[in-house]
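Novice: have a look at this prediction, sequence included:
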Amino acid sequence: MNHFRRLVGVYLRPHLMKLVVILSAAMVTSCSWFTISYLRKVMVDDVLQVQVGRSTQTLSEAGGDRGNDRSLRDGGGRTRDEGSPHSRDISPGRSERPMSTKAERLQKLWWIFLAYVSFRVFFAALNWGYSYGIAQVGQELVFKLRQDVYNKLQRLQLSYFDRYQTGKIMARVMDDVNAVQASISNIFIRFFTDVATLIIGVGILFHIHSGLASIALVTLPCYVIIYQVFLRKIRVINTQIRERNAAVYGAIGDSVRGVRVVMAFAREVKEYRRFFKSISDYFRLQIRNSVLNTALSVLCGLVSGVGTTVVFYYGILAIRDGAMSLGDFLYFYGSIGFLFSPVVSLSNMNISIQQVAAALNRVFDVLDEDITIYEPEGAVQMAEMHGEVVFHNVSLKYNEKDDYALKQLNFAVVPGQMVCLVGASGGGKSSLVNLFLRLYQPTEGKITVDGEDIKNVSLHSLRKHIRMVPQEPVLFSGTLAENIKYGYQDARPEDVMRAAQWAELHDHIMTLPAKYESHIGEGGVSLSGGQKQRMAIAMTLMTDPSVLILDDSTSALDAKTESRIHSTLDRILENRTSFVVTHKVSMARKADLILVLEKGKIVEKGTHERLVARRGTYYSLFETQLSDSEKGVAEKELVVA
């Protein structure tokens, strides 16, 4: 219920006045049946004037001219037959209704007809306004809530996305938020309208006949008992349904993103079975939920049927004894039938509440996720960055239960230096550069840039001056030009072309029919692996960063293209601080500082010559990659040095 209060207090409060108007319209509309039913009562009692009881009169006798001839007008204007039983009181406290002439009844019929049409038009217009208003408020709530969830996702640290599948996150942004929208009309508005209908309806019933009203209300506690029996089971089922729905999204997202790998490994059947299992679990939960909901509705309907049958029985007896008119009975019976509807609705409302509660929990779980990487008040805005980087006893754990991914890293980089990170896969190279970008938070120690602790630097300011070419390029649906200038939207066409030339991509682009306006599809599906990496390099170079990070970004390139890009990088990296993650000694030989990482620790650091001379871990890597002739040349160079 805390989430419901939060939903009302934060997201519905701005629409309070509009909701009051909508709620008022909904309450009036919900009571329309009582008005229409009352007109039918008047029709029976005052127009048809069907009298049922100890004295019985046919329609022809009540309305025919012969009946009028036998009737006398008394001084009070009432019509009665002399010596007729109608001149007697039918029951204590209730006198016989006066008979009207045919003209008077026709006039009443005309006014009832006008009232009926007017009320129908009025309630239809009111219902349209209510429906439009609630739809507008619902969409505005969805817009704001979905905006807040997406904004929160943009500010969360990478560790959150490491824990959840993309499809599950999408389910929270789309399906769960839509479920919350339904809570406005299905819970908030309906609750008040049902309660108002019950209060007004009970008042009408007791006004018509207190004895029958007491009999009808005896059945209401049965709903409470049934409600309590089904409450816990329905809540658990709906929570599981939301979780399985997210799992289905996750399975679809994985198989669609990895469709090429699935086909390449001929794993279509396996993926189909995985998806089948996900939707089977979802299907079984939905069936169980439907069974519970149906059982709840059937039991509520059974109580309603028994209650109305008992009311019908005693109502007929009351008419026979003259305790109520036929019109009153029809009004009462119609009202009690309409009264059971909001009771059933209120009992079934638990189903909607549990569904929305499960969705709300998942949505607010995102909004309540702790942001571990944030900007302090008065964060430092770096107008420029020289590139002096120092790691002070930096350690990193991705999870409290995991081992250290990085352990006590200490090194310093002066502006303009090129640093190469080498070592076996899983050694911590990518983790190190992710820390520098504050994609993760160091568990221990601190990192300074130009003497400032990066925790105190504005995230936008920090990442504006540092750019990374990732190992796995991420491209967006759109044109080549749009992707290249992704980080610098104001770039001119000549700037885009220059960045593509630096990345050795311009010649390929010029062979395409639409040149730079060619669409690359989702994730750059129309590009090869090497072209994607060159696109990522062009996107990075477009922003002219102060510090450049290359995370093994030339691994998918052929030797000729790699050689050309290395020549370009030599020019770009000159006098610019850079971190290069690589497995290739040919790249490391150019570095001013080489850091050799193994199991999250720096086991060696220095220049290429010094590390080869030590004949340690780096030398083993160096020896593995060079040919025999190259080894001989390298050994001579070391001896000379």
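Specialist: Nice, I can see it. Fair warning: this is a prediction, and the values are worked out from it, not measured in the lab.

Novice: hey, which helix or strand in the protein has the poorest pLDDT?
Specialist: The helix or strand of the chain with the lowest confidence, counting by mean pLDDT, DSSP states H and E, is strand 71-73 at a mean of 35.

Novice: got the end-to-end distance for stretch 467-483?
Specialist: Stretch 467-483 has its terminal residues 15 Å apart, counting by CA to CA, to the nearest Å.

Novice: okay, now the nearest residue to F161 once chain neighbours are set aside: neighbour count?
Specialist: Residue nearest to F161 in three dimensions, not counting chain neighbours: I169, with 7.4 Å by CB to CB, 6 or more residues apart in numbering. In short, each C-beta sits where N, CA and C put it, glycine included. Per other CB atoms under 10 Å, the neighbour tally for I169 reads 22.

Novice: quick check: I169 is in a helix.
Specialist: Yes. Using DSSP: H, G, I helix; E, B strand; the rest coil, the secondary structure at I169 is a helix.

Novice: Y150 versus that one, what's the distance?
Specialist: Taking CB to CB, to the nearest Å as the measure, I169 falls 10 Å from Y150.

Novice: could you do G129 as well?
Specialist: Look at G129 and Y150: by CB to CB, they are 32 Å apart.

Novice: swap in T197?
Specialist: In this view, T197 and Y150 are 39 Å apart by CB to CB.

Novice: compare those two (neighbour count), which wins?
Specialist: Counted by other CB under 10 Å, T197 and Y150 do not tie: T197 has more neighbours, with 23 against 13.

Novice: which SSE is the more buried one in?
Specialist: helix 190-208 (DSSP states H and E).

Novice: following that helix, which helix or strand comes up?
Specialist: Of the helices and strands lying after helix 190-208 in sequence (DSSP H and E), the nearest is helix 210-217.

Novice: quick check: angle from that following helix to helix 190-208?
Specialist: For helix 210-217 against helix 190-208, the angle by axes from the mean of the first three to the mean of the last three CA atoms, to 10 degrees is 150 degrees.

Novice: now for helix 210-217, which elements pack on it?
Specialist: If contacts are counted by 3 or more CB pairs under 8 Å, 6 or more residues apart in numbering; DSSP states H and E, helix 210-217 sits against helix 190-208, helix 268-320, helix 326-367.

Novice: contacting residues around the residue lying closest to Q286 once chain neighbours are set aside?
Specialist: Spatial nearest neighbour of Q286, chain neighbours left out: I241 (6.5 Å); criterion: CB to CB, 6+ apart. Counting by CB atoms under 8 Å, 6 or more residues apart in numbering, I241 makes contact with Y282, L285, Q286, N289, Q355, A358.

Novice: wasn't I241 part of a strand?
Specialist: No. Applying three-state DSSP, one finds I241 to be helix, outside a strand.

Novice: break the protein into its domains for me.
Specialist: 15-69+100-367, 389-606, 608-641 (automatic domain parsing).

Novice: next, format those domains as a markdown table and append distance to E377 and mean pLDDT.
Specialist: What follows is these, written out as a markdown table (distance: least, CB to CB, whole Å; pLDDT from 0 to 100):
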| stretch | distance to E377 | mean pLDDT |
| --- | --- | --- |
| domain 15-69+100-367 | 16 | 78 |
| domain 389-606 | 10 | 86 |
| domain 608-641 | 44 | 68 |
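
Novice: can you put these in CSV and add distance to H3?
Specialist: Formatted as CSV, these follow (distance: least, CB to CB, whole Å):
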stretch, distance to H3
domain 15-69+100-367, 4
domain 389-606, 27
domain 608-641, 53
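
Novice: for those, which one sits closest to E375?
Specialist: Comparing those against E375 with CB to CB, the closest turns out to be domain 389-606 (5.6 Å).

Novice: can you give me the end-to-end span of the closest one?
Specialist: Using CA to CA, one end of domain 389-606 lies 16 Å from the other.

Novice: and that domain, how far from the chain's centre?
Specialist: Distance of domain 389-606 from its chain centroid, counting by CA atoms, centre = their mean, to the nearest Å, is 33 Å.

Novice: show me which of the contacts of I241 are buried.
Specialist: Y282, L285, N289, Q355, A358 (16 or more other CB atoms under 10 Å).

Novice: pick the one among those closest to W33.
Specialist: For the buried ones among the contacts of I241, the nearest to W33 is Q355 (27.5 Å; CB to CB).

Novice: list the contacts for that closest one?
Specialist: With contact set as CB under 8 Å, 6+ apart, Q355 has these partners: A179, A182, N238, I241, R242.

Novice: same thing but 6 Å
Specialist: Contacts for Q355 (CB atoms under 6 Å, 6 or more residues apart in numbering) come out as N238.

Novice: cool, and the one 4 residues further on?
Specialist: With contacts taken as CB under 6 Å, 6+ apart, A359 has the following neighbours: D176, A179, V180, R242.

Novice: tell me where the stretch 51-200 of the chain has helices.
Specialist: Secondary structure of the stretch 51-200 of the chain (DSSP state H, counting those that start in this stretch): helices at 59-63, 65-70, 102-155, 158-163, 166-171, 177-183, 190-208.

Novice: turn the ones you listed into TSV, columns for distance to S546.
Specialist: Below are the helices of the stretch 51-200 of the chain laid out as TSV (distance: least, CB to CB, whole Å):
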stretch	distance to S546
helix 59-63	98
helix 65-70	105
helix 102-155	24
helix 158-163	22
helix 166-171	32
helix 177-183	40
helix 190-208	58
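
Novice: can you say which of those helices is nearest to L573?
Specialist: Nearest to L573, of these and by CB to CB, is helix 158-163 at 26.1 Å.

Novice: can you list the buried residues in that closest one?
Specialist: So, applying 16+ other CB under 10 Å, buried residues of helix 158-163: Y160.

Novice: only alpha carbons, please: show it as CSV.
Specialist: This file holds the C-alpha atoms of helix 158-163, laid out as CSV (Å, rounded to 0.1, in the frame of the first residue of the first chain):
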residue,chain,number,x,y,z
LEU,A,158,26.6,-0.5,-15.1
SER,A,159,26.3,-3.0,-12.2
TYR,A,160,22.5,-2.7,-12.4
PHE,A,161,22.5,-3.7,-16.0
ASP,A,162,24.8,-6.6,-15.3
ARG,A,163,22.2,-8.1,-13.0
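
Novice: hang on, the earlier thing: elements contacting the helix holding T197?
Specialist: helix 16-30, helix 326-367 (3 or more CB pairs under 6 Å, 6 or more residues apart in numbering; DSSP states H and E).
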